[in-house]
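[1] For reference, the sequence and a predicted model appear below.
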Amino acid sequence: MPKSIDPTLVTLVNAAVPHVAFDGWGVETFKAAIADADIDAGYARTLCPRGGTDLAIAFHQMGDAAMVDALAAADLDGMRFRDKVAEAVRLRLAVVDDKEVVRRGTTMFAMPHLAPVGAKLIWGTADAIWTALGDTSGDVNWYTKRATLSAVYGSVVLFWLGDDSEGGTATHDFIDRRIDNVMQFERTKSAVRNSPPLKPLTGLLDRLTAGIKAPRTTPRDDLPGMWRNPK
């Protein structure tokens, strides 16, 4: 789930957003946010040691938190699970008021030295969605679910940034197609796992992955990973 964000940092991010379209998530935006929010520069630096980069990270995390709130308020009764996931992705996009702010962030996190940070943020979004939808998996499936949804969400954002269809209908259709792809993959995986000729191979795979457990630390603020030797 998205971790709570310092209220002063929220104020700083909100002050930065109007400048991002012109100056990106860089030094000038960071300085302007400090001035507009009337926050002590030294204190702002303790909140954002990397300046604009940390503002961009907080902006993304605030979006995840807003999505979780919107999802909690949404009427999901009667929906298939795949439709709940698709709705969560749509709500995550809907909390963004200005695509250009996301575009600037996407460009920044595509830089080689920040790519791991961008991947971590996308993973965090996938984790927030699965957790909000009640995922209780505690084994390797915890990772595969989030890895698959991370790939879906990353491709959706790129499509959405270039979508100029009325009401974003093209993006909605794209989300449905990508979720259908994931469901098809899950059905294929299940069929392979239950295929008698492949039982020896899948059984070996099960034994190899038996020691992989979901992280227990909450909130998670790093790419997860834990190996436990099976007993």
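    In hand now; what should we look at? Residues are numbered from 1 along each chain as shown.

[2] From A58, how far out is S4?
    Separation of S4 from A58 (CB to CB, to the nearest Å): 11 Å. C-beta: built from backbone N, CA, C; applies to glycine.

[3] List phi and psi for G51.
    Backbone geometry at G51, expressed as degrees, to the nearest 10, gives phi 60, psi -130.

[4] So for stretch 180-195, mean pLDDT?
    For stretch 180-195, the mean per-residue pLDDT is 70.

[5] cool, and stretch 17-24?
    For stretch 17-24, mean pLDDT rounds to 96.

[6] Dump that stretch to PDB, keeping only the CA atoms.
    Extracted C-alpha coordinates of stretch 17-24, given in PDB (Å, rounded to 0.1, in the frame of the first residue of the first chain):
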ATOM      1  CA  VAL A  17       3.200  20.900 -10.300                       C
ATOM      2  CA  PRO A  18       2.400  24.100 -12.100                       C
ATOM      3  CA  HIS A  19       6.100  24.600 -13.000                       C
ATOM      4  CA  VAL A  20       6.700  21.100 -14.200                       C
ATOM      5  CA  ALA A  21       5.200  21.500 -17.700                       C
ATOM      6  CA  PHE A  22       7.700  24.300 -18.300                       C
ATOM      7  CA  ASP A  23      10.800  23.300 -16.300                       C
ATOM      8  CA  GLY A  24      10.400  19.600 -15.700                       C
END
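
[7] May I see the buried residues of it?
    With burial defined by 16 or more other CB atoms under 10 Å, the residues of stretch 17-24 counted as buried are V17, H19, V20, D23, G24.

[8] Same check on stretch 23-33?
    By 16+ other CB under 10 Å, the buried positions in stretch 23-33 come out as D23, G24, W25, G26, T29, F30, K31, A32, A33.
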